[in-house]
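Visitor: no FASTA, just this:
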């Protein structure tokens, strides 16, 4: 009986507590609609705007530094153009500088070359517009048979940006492909400088996934373009028939 009372008293206390409290009821609701439009433009955080303006001015100063000069318009076109060739030449040159080994060719996707340049001074801003992505340089080792498969893919898509490689294709079929003037040997191995993005087989370039070795530079391709443009001074590349796709 004593144990029963011990358990009964808390239960009675809880019942009395809830019995003495009336349930809460919502009697009215008031709402207000605030339009998110031009009427809010006059609401400004002056401190924030001042700090932002200062940072923007510093950034503009850095981006507007001239690093080279283009004596002619640089255009992005398939299957080959001076801008696309310049990016591929730049990538091959910098890969040879940083990679401790032979680099046979470079590959850039034309879809990743994001703008044309007008004749005139080239600034850091131009490089950011050309390559707004944080893609990094990698060097892949491919079997010759996989490299030929890669060339066939490039024939089917209408061409990509290359340096060190020359190829001919017609009606989406590969006719010939050479490295330094020699036919690609299926049993041999070749090194390809490209981006970590394309190394994953993106933009239909799936043969790159067959790489037997991979070297990561941990360097942004945008920074490498910046270095190359600064070193060269003249932003020049010719259309030389390296990508003949008809």
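Guide: Yep, it's here. These numbers come from a predicted model, not from an experiment.

Visitor: Give me the contact list for the host helix or strand of residue 97.
Guide: Using DSSP states H and E, residue 97 maps to helix 82-98. Here helix 82-98 makes contact (CB atoms under 8 Å, 6 or more residues apart in numbering) with 72, 74-77, 103, 105-108, 110, 113, 116-117, 130-131, 137, 139, 161-164, 193-194, 217, 219, 221, 224-225, 227-229, 235-240, 242. In short, each C-beta sits where N, CA and C put it, glycine included.

Visitor: Buried residues in it, which are they?
Guide: Neighbour counts over helix 82-98 (16 or more other CB atoms under 10 Å) mark 82-96 as buried.

Visitor: Following element in sequence after it, please.
Guide: By DSSP H and E, the next helix or strand past helix 82-98 is strand 105-108.

Visitor: That next one - contacts with which helices or strands?
Guide: helix 82-98, strand 161-163, strand 189-195 (3 or more CB pairs under 8 Å, 6 or more residues apart in numbering; DSSP states H and E).

Visitor: Need these in JSON lines (columns: distance to residue 65 and mean pLDDT).
Guide: Shown next, in JSON lines, are the helices and strands packed on strand 105-108 (distance: least, CB to CB, whole Å; pLDDT from 0 to 100):
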{"stretch": "helix 82-98", "distance to residue 65": "18", "mean pLDDT": "98"}
{"stretch": "strand 161-163", "distance to residue 65": "26", "mean pLDDT": "98"}
{"stretch": "strand 189-195", "distance to residue 65": "25", "mean pLDDT": "98"}
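
Visitor: Does anything pack onto the helix or strand hosting residue 138? Which helices or strands?
Guide: According to DSSP H and E, residue 138 maps onto strand 136-143. On a contact count with 3+ CB pairs under 8 Å, 6+ apart, strand 136-143 meets helix 82-98, strand 189-195, helix 196-199, strand 213-220, helix 221-232.

Visitor: Serialize the helices and strands packed on strand 105-108 to a markdown table and add fields for distance to residue 150.
Guide: Below are the helices and strands packed on strand 105-108 laid out as a markdown table (distance: least, CB to CB, whole Å):
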| stretch | distance to residue 150 |
| --- | --- |
| helix 82-98 | 14 |
| strand 161-163 | 10 |
| strand 189-195 | 8 |
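
Visitor: now the helix holding residue 97 and helix 221-232, what's the angle there?
Guide: Taking axes from the mean of the first three to the mean of the last three CA atoms, to 10 degrees, one finds that helix 82-98 is oriented at 90 degrees with respect to helix 221-232.

Visitor: what angle do helix 82-98 and strand 189-195 make?
Guide: Going by the same axes, to 10 degrees, helix 82-98 makes 120 degrees with strand 189-195.

Visitor: Pull the distance from helix 82-98 to the chain's centre.
Guide: Centroid separation for helix 82-98 versus its chain: 16 Å, with CA atoms, centre = their mean, to the nearest Å.

Visitor: what's the answer for stretch 77-91, then?
Guide: 17 Å.

Visitor: Ranking helices and strands of this structure by mean pLDDT, which lands last?
Guide: The weakest-scoring helix or strand in the chain, judged by mean pLDDT, DSSP states H and E, is helix 2-20 (a mean of 51).
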